[in-house]
Every structure is written in C-alpha cells, then in structure tokens.
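**Q** Curious how this folds, go ahead:
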Amino acid sequence: MTVTEQEIARYVGQVRAALADLPPPVRDELLEDLPEHLAEVAAEAEGSLYERLGPPEAYAMELRGAAGVTPPPAATVNLDQRIGAAVRRGRDRLRAADTRLGPVLGYSRLSDFLRLLRPAWWVLRGYLAAMLITVLLTGTSFGLLPRLGGSSLAALLLLAATITGSVWLGRRTDRMGRRPKLVLGVGAVLLVLFGLAGFVELDSRAGGTSTIPYEQVYTDQYSGVQDVYVYDSEGRLLEGVRLFDQNGEPIRLGHPWCAEAEQRYRDLSEYNDLTRQPYPFCPEGAPFRFGPTTPPAPEPTAPAGPPAPGATVEPSTTPGGATPSATPDGGPTPTPTPTG
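**A** Modelled structure (predicted):
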C-alpha cells in the first residue's frame, strides 16, 4: 500500500473507534462508503486527511449527526476510549510535524533524517551513562571523562562497556515490545537532562565562574611585632611598662626574644600571669638611644651683703645640727642642740 492508503486505513480505524458505542450494524452502515470517500478527498488536493477533514472524532460526530444518532453522555464514555483518543490525536500531530519539518532538512520526513543519527545517539547515550555511573559511585562532579578511583584505564573500560551496551540495545530496539521501548525512552530523557546539566557546569567552570563565596581577609598589622619600646616626652626609654586596653585587659604583643627575657617569660608562665612580663622584653634592642640627661643647674644667687641697720639676722642650721652663737670675742662657739 502507498502512504495515502495507509493514512486512509488509519483514519477509518480511528473513526470506527470513535463510533464504538454504536451497535455493530449501525456502525458498519455509517462506515460502509468511508474508505472510498476518503480516497476521493485525498486525490482532490495535497495535505493530510487530518488537515482537510479534522480529527477523526470530529468526523465521527458529523456521521452521527447525518445518521440522526445522538452521541452517548460524556459520563458513559469509557475512560480507555478517551485516553486512546488523546493518544491518537498526539500521534497525528507528531506525524503532521514530521511531514512539515522534513523538507526543511532535505528529506520527505524529519524522522528519515533522525534515523541516520541513531548510531551517533547510541554512542552519546553510552557516554552519558558512564558519566552518570561515575557521579553516582564517586560523588565527583561532571567532567570530560569518567573517573573511577582516579584511574584512566578504569575510565576507558567503563566507556567501552557502556557504549557497547548502548549500541547493542539500539540495534535491537525495533524488535522490542512496547514496555521495553517505553523504559528506554524514559531513560533517554533522563540521560539528556543529566547531560545538559553537566555541560552547563563544565561551561561555568571553563568561564572562570566560581561557586566559592567571597570571604574578606583581614591582615593584622601588628603580626610582625617582636617587642614594644615606650619613650617619654623627653625621649627617654621607659622600662617595666605594662599596656592595657580600655577594659583593663592586658595588651600582649611580640614575644621574648633575648635570653634574659625568655627566662623571665618561662618563670612567669608557671604562674599563668603573663602580664607581669613588662615591656620592653629586651631593652638592649631599643631602636633609639639617647644619652643620660643631666639635672638642670641651680640658678645663680647674688652674694649676701652686710645686714642693714636694725635688721635681724636669722641663724642658719649647720649640717651637724648646731646653731652658732656669738661669743664675747666675736668668734662662734658651737652649742650642742638636743635631738630627739
């Protein structure tokens, strides 16, 4: 039979299924001249019967109306019939799309072109299956090659096994039943979704996109401090200094680095009181050295002259604690002063 005859037979079968609720004599009478009528319609112009006459269910309704047969209530229509009608409508739409898209690629139907790509799909299916097995077993991310324990040999063996199995299944798909084909179709959809997700991840990694959140890093400007030297306003080095913050907590910077300071540090560590280690740890390592400051010289005073007439002379105390007193001959005579 030609394609047109196949289409006519399929359309007649779908109309017959839509009239399944009628008694067989009535149904046969309505469908008696239907194949000849459909052949005349197909010969008049191009286009499928679905495009020219509409869905078979709609055509069956027209036959009912012409014969005066009312359709059964919707509640009495078998659920299987409704599902079957929906499946048939879907198939018809796919066939129509197959016929329309085929000439775009230079073929009568799109399925003829896709049939040539089946071996390539078998190889790709085996590759995606190997990648899925690797991800599930090792928990690693999607890569260019599957990795089992980091071994390239194991990856090649896995690829060889999955691709060979995929080709073997592909060559026997046409001889399989409906359920095995359905299982293979569902598996193919899952593998395609897995492959798309994996390729998107590969593209993001190749483009430098990182999923690690940005963390701000702070550097301690006092991390290199070994000792602290404190000078007063006169530039003199202060020793035995202890530093505290506003809460009274000791500020500890650096670490004893000379022998004497390390010994003191070990001795103080026994009491867990490191605040007793004052700054600087090693005074001999001070960055600045100033000479010892001398005390300021006393201001010069004018020499004392003779007392003025009528002035009272206050005796001065000598270091020995004696107070000089005048004698008849004018010489001072020390007089002991009691102490205590």
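**Q** continuing past the helix or strand that contains residue 183, what's the next helix or strand?
**A** Assessed by DSSP states H and E, residue 183 sits inside helix 178-206. Tracing the chain C-terminally past helix 178-206 and defining elements by DSSP H and E, one meets strand 230-231 next.
**Q** And the contacts of that following strand?
**A** Counting contacts by CB atoms under 8 Å, 6 or more residues apart in numbering, the residues outside strand 230-231 that touch it are 237-238, 241, 279-280, 288. Bear in mind the C-beta positions are built from the backbone N, C-alpha and C, glycine included.
**Q** So which elements touch the next helix or strand after that strand?
**A** Along the chain past strand 230-231, the next helix or strand (assigned with DSSP H and E) turns out to be strand 237-238. Contacts of strand 237-238 with other secondary structure elements, assessed using 3 or more CB pairs under 8 Å, 6 or more residues apart in numbering; DSSP states H and E, are made with strand 230-231.
**Q** where in the chain is pLDDT low?
**A** With pLDDT under 70 as the threshold, the chain has low-confidence stretches at 1-3, 45-47, 69-82, 84, 149-150, 207-220, 223, 265, 267-276, 290-340.
**Q** quick one: the strands in it?
**A** According to DSSP state E, the chain carries its strands in the segments 230-231, 237-238, 323-326, 332-335.
**Q** Of the contacts of strand 230-231, just the buried ones, PyMOL syntax please.
**A** With 16 or more other CB atoms under 10 Å as the burial test, the buried ones among these are selected in PyMOL as follows:
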select buried, resi 237+279+280
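**Q** And the helix holding residue 183, what does it pack against?
**A** Counting contacts by 3+ CB pairs under 8 Å, 6+ apart, the secondary-structure elements packed against helix 178-206 are helix 118-138.
**Q** Could you export the helix it packs on as CSV, keeping only the C-alpha atoms?
**A** Extracted in CSV, the C-alpha atoms of helix 118-138 (Å, rounded to 0.1, in the frame of the first residue of the first chain):
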residue,chain,number,x,y,z
ARG,A,118,20.8,6.9,15.6
PRO,A,119,24.3,5.5,15.7
ALA,A,120,25.7,8.8,17.0
TRP,A,121,22.9,8.8,19.6
TRP,A,122,23.9,5.3,20.7
VAL,A,123,27.5,6.4,21.3
LEU,A,124,26.4,9.6,23.2
ARG,A,125,24.0,7.6,25.3
GLY,A,126,26.8,5.2,26.3
TYR,A,127,29.0,8.2,27.2
LEU,A,128,26.3,9.8,29.3
ALA,A,129,25.6,6.5,31.1
ALA,A,130,29.3,6.2,32.0
MET,A,131,29.3,9.7,33.4
LEU,A,132,26.2,9.1,35.4
ILE,A,133,27.6,5.9,36.9
THR,A,134,30.8,7.8,37.9
VAL,A,135,28.9,10.6,39.5
LEU,A,136,26.7,8.2,41.5
LEU,A,137,29.5,6.0,42.7
THR,A,138,32.2,8.5,43.4
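**Q** okay, the angle between it and helix 178-206?
**A** Per axes from the mean of the first three to the mean of the last three CA atoms, to 10 degrees, the angle that helix 118-138 makes with helix 178-206 is 70 degrees.
**Q** Just the residues contacting helix 118-138, thanks.
**A** In contact with helix 118-138 (CB under 8 Å, 6+ apart) are residues 140-143, 146-149, 155, 158-159, 161-167, 169-170, 188, 191-192, 194-195, 198.
**Q** Recalculate using a threshold of 6 Å.
**A** With CB atoms under 6 Å, 6 or more residues apart in numbering as the contact definition, helix 118-138 has outside contacts at 146, 158-159, 162-163, 166-167, 170, 191, 194-195.
**Q** Residue 41: which of these is nearest?
**A** residue 170 (39.2 Å; CB to CB).
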